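1. just a sequence and a predicted model for now, questions to come.
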Amino acid sequence: RCLRKQDCVLIGFAPWDKVCGRRNLEKAKQGVISSYSVENTKEAARLEPNHSHHVLVDDGHGGWASEIEFRSYIEEHGLAIDPPGIEAVAVPKVVLVINGGLGTLETVRQAVEQERPVIVLPESEGCAQWIYDACYGDGEDAIAHETAKQTSIEPTKPKAYTTLGGHQNGPEKQQWKKDVLEWIKYKNNEIMGNDSCKTRAVSHFRSDSGEDFKEVMLTGLLDDLRDNRTDAIRLAVSWKDPSVLRNELDEMQ
């Protein structure tokens, strides 16, 4: 809501067969403003009103989370376009997790697999709380560095959520949830145990932490450019945030 007040472009992706009121949307005429006032049901959800645009995905199969693969493709390739005549700058991406369910956990699984930074807000509960508890345990605010250095056998990489069958709360999906959280925790520890790398797979923000949320987000974006520090510095300079720029310069050294 705060971003919409700043006229930011916020694009939402949703599975077409899970959108409330989709039949009325089908009847709406192109270019004509139509009323959209519906409530969530057990089988579908309304479009979140604070997004400026929505992409409704029909992959031929449907179901919750069926839009994730297409959204990931757009995120990866749609942001890789270099406009002619303009010096290309890498576009950083970060996954911000607010609440969420198993579909959100699949998005995080893909992000960690692609080594993309993830920031969770555990106070929002849901998936954000699951990941926080898995990585930081018992409400601790940090993993001890020595603990992060401990070696262990990497868990088998979990399969994609969309390959699972059964009920939303069925045993197969609950086991998948457990396996994914264990794998994310391993990957987070692996990165933190690397002395040459100061980043994490999963960071978090709590309102009682005393941290600045803006700084947490900007740092997460720069973490996505850890293999391209020149672009990271250029972005940090353009943001005109002394603290973020100082941290980035320190890391380069």
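-> Looks like it came in fine.
2. in whichever strand or helix holds residue 69, what's buried?
-> Using DSSP states H and E, residue 69 maps to helix 68-77. By 16 or more other C-beta atoms under 10 Å, the buried positions in helix 68-77 come out as 68, 71-72, 75. C-beta coordinates here come from the backbone N, C-alpha and C atoms, glycine included.
3. return the distance of that helix from the chain's centre.
-> Computed by C-alpha atoms, centre = their mean, to the nearest Å, the chain-centroid distance of helix 68-77 equals 12 Å.
4. next secondary structure element downstream of that helix?
-> As assigned by DSSP H and E, the chain's next helix or strand after helix 68-77 is strand 95-98.
5. now do the contacts for residue 131.
-> For residue 131, the contact set (C-beta atoms under 8 Å, 6 or more residues apart in numbering) comprises 97, 105, 108, 118, 120, 122, 181, 184, 202.
6. what's the separation between it and residue 96?
-> Taking C-beta to C-beta, to the nearest Å as the measure, residue 131 falls 12 Å from residue 96.
7. before we move on, what about residue 31?
-> Distance from residue 31 to residue 96, by C-beta to C-beta: 33 Å.
8. quick one: which of these two has more around it?
-> Shown here are residue 31 and residue 96; by other C-beta atoms under 10 Å, residue 96 has more neighbours (14 against 5).
9. show me where the stretch 151-253 of the chain has its helices.
-> Counting by DSSP state H, counting those that start in this stretch, the stretch 151-253 of the chain has helices at residues 171-192, 213-223, 229-239, 242-252.
10. which residues are in contact with the second one?
-> Under the criterion C-beta under 8 Å, 6+ apart, residues 92-94, 96, 117-119, 199-200, 203, 205, 232, 235-236, 239, 241, 243-244, 247-248 lie in contact with helix 213-223.
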